[in-house]
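[1] got a sequence here, can you model it:
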Amino acid sequence: MNERYLDELTQVMISLKTKPVTRAFLKNILTPGELEEICTRLQIFKLLKKGLPQRDVAKKLNVSIGTVSRGARELKYGEQGFNKVLQ
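    Model prediction:
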């Protein structure tokens, strides 16, 4: 991943001040499938943080257990971004 591009994207995201502008930006920059995947991933993290078992999360969100397991690993071993946001 190009760190310069990631820094630029991060700066753009920080500059988004309102919900409508942020929603429009996300809809412009992501495909519908990418946006849906990111929204689902956020729900996975939220449900796991609440203590819901992985199989229940998978069933509730209609995703594979593998998708939920990857989310669980990211919460445990990742850069902790979601843990900081979801406190």
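[2] every contact and neighbour count from this point should use C-alpha atoms.
    OK.
[3] how close does the residue most central in space within the chain get to residue 3?
    With distances taken as C-alpha atoms, centre = their mean, residue 42 lies nearest the centre of the chain, 4.0 Å away. Distance, residue 42 to residue 3, using C-alpha to C-alpha, to the nearest Å: 23 Å.
[4] which pLDDT value belongs to the residue nearest to the centre of the chain?
    Listed pLDDT for residue 42 reads 92.
[5] state the helix or strand in which it lies.
    For residue 42, the element it lies in under DSSP states H and E is helix 32-49.
[6] test my guess that residue 40 contacts residue 64.
    No. Applying C-alpha atoms under 8 Å, one finds residue 40 not in contact with residue 64, separated by 11.7 Å.
[7] between those two, who's got more neighbours?
    Neighbours were counted for residue 40 and for residue 64 using other C-alpha atoms under 10 Å; residue 40 has more, 16 against 13.
[8] burial of the nearest residue in space to that one that is not next to it in sequence, as a residue count?
    With sequence-adjacent residues excluded and distances taken as C-alpha to C-alpha, 6 or more residues apart in numbering, residue 40 is closest to residue 61, at 7.5 Å. Residues near residue 61, counting by other C-alpha under 10 Å, number 14.
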